[in-house]
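Peer 1: Give the three-dimensional model of this entry:
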Amino acid sequence: MVKAIWNGKVIAESDATVVVEGNHYFPIESVRAVYLSQSTRETVCPWKGTASYYSLEVDGKTNPDAAWYYPSPRSAAAQIRGMVAFWRRVQVS
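Peer 2: The predicted model follows:
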């Protein structure tokens, strides 16, 4: 079971993550939505497409843009459709 933890809380856990470029992508249904707030940030990956971001909010603390996902990934990255990855001090193990 892979877990994503930030500020002492389990944000996501799944035994069905997909690893792409060293990042675990969690199925969206394994992420505790109560900790997510939509961000306005977007970035573009040449082969995956346009990424959107969530900020994490846990116990009054915010970790901006700490999770990302590809709402419409390019065909080469179709395996991460509906999945979320984490960074910025989020422990994934």
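Peer 1: contacts, neighbours, all on C-alpha from now
Peer 2: OK.
Peer 1: Just the strands from the protein, written as ranges.
Peer 2: 2-6, 9-14, 18-20, 23-27, 36-45, 49-58, 61-69, 83-86, 91-92 (DSSP state E).
Peer 1: which secondary structure elements does the last one contact?
Peer 2: What it means is strand 91-92. strand 2-6 (3 or more C-alpha pairs under 8 Å, 6 or more residues apart in numbering; DSSP states H and E).
Peer 1: now the fifth one
Peer 2: In this structure, strand 36-45 makes packing contacts with strand 49-58, strand 61-69, judged by 3+ C-alpha pairs under 8 Å, 6+ apart.
Peer 1: So what's the gap between it and the chain middle?
Peer 2: The chain centroid and the centroid of strand 36-45 are separated by 10 Å under C-alpha atoms, centre = their mean, to the nearest Å.
Peer 1: what lines up beside it in the sheet?
Peer 2: strand 49-58 (antiparallel) (DSSP bridges).
Peer 1: Report the angle between the strand it pairs with and strand 61-69.
Peer 2: Strand 49-58 runs at 150 degrees relative to strand 61-69, counting by axes from the mean of the first three to the mean of the last three C-alpha atoms, to 10 degrees.
Peer 1: quick check: angle from strand 49-58 to strand 9-14?
Peer 2: Angle, strand 49-58 to strand 9-14, by the same axes, to 10 degrees: 140 degrees.
Peer 1: mean confidence score for strand 49-58?
Peer 2: Average pLDDT, strand 49-58: 98.
Peer 1: residue at max distance from the center of the chain?
Peer 2: Using C-alpha atoms, centre = their mean, the residue of the chain lying farthest from its centre is residue 60. It sits 19.8 Å away.
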